[in-house]
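> Below is the structure, and that's it, no one-letter string:
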């Protein structure tokens, strides 16, 4: 094929068949630059499609998206358009929305707050080598008095407990509390604002108003946002051993911070706190708990928070209410607690109380002694150590476990564990010693309370005859 024939064929494909230059280059086995040069040399105008015209039908829709969600990314807009049949490229969408996505200068009005008008609340997340903890941050907006406490979770019961600690520490409640749009307070904002009903009840009990922040307006609670940075700076080079040590370090820092003169107010937050007319706390407190439901398995356990907690076997298969407290969980049936456990924050743990299997042991007498032994050794490490030491000293471990089991039915678990620890400290592993420790009466006070004037105790009474009284 001569050069003239090849040029004619290229022009035919371009002008008649309406192929693109890339398609012509593949069909004729030549480069795109050669195809472009042939088309330009013969005076054929290049077809340039205005890609922006592809967005014309979607302009109003894109504007409505940005009116509702001002921070939409170009990739999000592109994905939405593809679902509606858009055939253009991402570059077109990116260029078309560049002006809308451009950052604008941030301007806010200064918020001037009165004493006791508002307190600001927020959570902070802190990652440590031994785990992740969550800090409840509460600051009185006028005095800048700060309260911080860290928890192993940021669920609703810990949210309430943080408020209760802050109210006790500041000896009162601000007239309004401002929050971010966290789920413990705001369940939904559209089509209308919907608040958490239990938190509304909590606010009604303590008499404060709930003020959720406007979305994307962090300046509305700027004081609490600022102190979170200060807390992170303080803890940056600290290595707390556990949660209790972290809270101890934080309390020491708070004492110094609340006693220091603030650069804006010119007085210390501790001093200004005395001038805040906070609302008084009600005489009756509010329980810091969250309730949920669970079904008891056939083996007598409920599975919550990734762990298994035992329930008396007679409730197998029933739906029960589980009350989550910061330190414990309660299993409630028909408004009556049937089981209480210390809360475990690990995962895949089994917490079982041996007396919850009493009804089941009556049905399986052949398995009874062995099951009691397993239940007692798995209940606590100190009891397991005590039974093993008893076996080493020549005592029957099964009988020792049975004795401790009978004691557990008479005394509470903390009392039994305390007696076992005392026996281990004395290096005596006889079960009867544990029983003797538990049966030991409480010592009476050495010095009973007496009045300062001893003559008040020297009372005399003169008896009277019955004739002195009315015979009727």
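Structure received. All of these numbers come straight from a predicted model, not from anything done at the bench. Numbering: from 1, shown residues only.
> Residue 77 reaches residue 62, doesn't it?
Yes - if you go by CB atoms under 8 Å, residue 77 and residue 62 touch, sitting 6.2 Å apart. Any C-beta I mention is one placed from the backbone N, CA and C, and that applies to glycine too.
> Could you check which of the two has the larger neighbour count?
Comparing residue 77 with residue 62 by neighbour count (other CB atoms under 10 Å), the higher total belongs to residue 77, at 24 against 18.
> mean confidence score for the helix or strand harbouring the more buried one?
Assigned by DSSP states H and E, residue 77 belongs to helix 74-83. What helix 74-83 shows for mean pLDDT is 90.
> which parts of that helix are buried?
Of all the residues in helix 74-83, those buried under the rule 16 or more other CB atoms under 10 Å are 74, 77-78, 80-81.
> Quick one: name whatever helix or strand follows that helix.
On the C-terminal side of helix 74-83, the closest following helix or strand by DSSP H and E is helix 90-96.
> following that following helix, which helix or strand comes up?
Helix 90-96 is succeeded, C-terminally, by helix 98-101 (DSSP H and E).
> Identify the residues contacting that following helix?
66, 72-74 (CB atoms under 8 Å, 6 or more residues apart in numbering).
> Which one (most neighbours) among these?
With neighbours taken as other CB under 10 Å, the top of these is residue 74, carrying 18 neighbours.
> phi, psi of the residue nearest to residue 173 when sequence neighbours are not counted?
Leaving out its chain neighbours, the residue that sits closest to residue 173 by CB to CB, 6 or more residues apart in numbering is residue 279, at 4.5 Å. Main-chain dihedrals, residue 279, degrees, to the nearest 10: phi -70, psi 140.
> And for residue 8, the neighbour number?
Residue 8 has 14 nearby residues by other CB under 10 Å.
> make that residue 193, sorry
Residue 193: 12 neighbours (other CB under 10 Å).
> Name all residues that make contact with it.
By CB under 8 Å, 6+ apart, the contact set of residue 193 is 186, 212.
> Going forward, the N-terminal residue is numbered 139.
I'll keep to 139 as the first residue from here, and by that count the last item is residue 331.
> right, and residue 226 touches residue 191 too?
No - the pair residue 226 / residue 191 is not scored as a contact, 9.2 Å apart, by CB under 8 Å.
> Neighbour count: those two, which is higher?
residue 226 (18 against 10).
> What score does the more buried one have for pLDDT?
Reported pLDDT for residue 226: 83.
> what's the nearest residue to it if we skip its chain neighbours?
Once flanking residues are discounted, residue 226 sits nearest to residue 192: 4.1 Å by CB to CB, 6+ apart.
> ok, the one you found to residue 158 distance?
16 Å (CB to CB, to the nearest Å).
> can you check residue 514 too?
82 Å.
> Also residue 210?
Here residue 210 is placed at a distance of 32 Å from residue 158 (CB to CB).
> likewise residue 432?
To residue 158, residue 432 is 64 Å away according to CB to CB.
> quick one: the helices in the stretch 439-588 of the chain?
Taking DSSP state H, counting those that start in this stretch, the helices of the stretch 439-588 of the chain run over residues 496-501, 506-517, 519-530, 535-548, 551-563, 569-577.
> And for the fourth one, what's in contact with it?
Right, helix 535-548. Contacts to helix 535-548, defined as CB under 8 Å, 6+ apart, come from residues 492-493, 496, 507-508, 510-511, 513-515, 521, 524-526, 528-529, 554, 557-558, 567, 569-570, 572-573, 576.
> Got phi/psi on the closest residue to residue 303 other than its chain neighbours?
Spatially, and ignoring its direct neighbours in sequence, residue 303 is nearest to residue 287 (5.5 Å; CB to CB, 6+ apart). Note on residue 287: its backbone torsions stand at phi -150, psi 140 [degrees, to the nearest 10].
> Quick one, grab the pLDDT at residue 461.
pLDDT at residue 461 comes out at 93.
> my bad, should have said residue 332
For residue 332, the pLDDT comes out at 92.
> Can you classify the residue nearest the centre of the chain by secondary structure?
Centroid-nearest residue in the chain, with CA atoms, centre = their mean: residue 292, separated by 1.3 Å. Put simply, residue 292 is coil when judged by DSSP: H, G, I helix; E, B strand; the rest coil.
> contacting residues around it?
The neighbours of residue 292, taking CB under 8 Å, 6+ apart as the test, are 261, 263, 272, 274.
> The first one - how many residues pack around it?
Counted with other CB under 10 Å, the burial measure for residue 261 works out to 19 neighbours.
> looking at this, it is in a strand?
Yes - assessed by three-state DSSP, residue 261 belongs to a strand.
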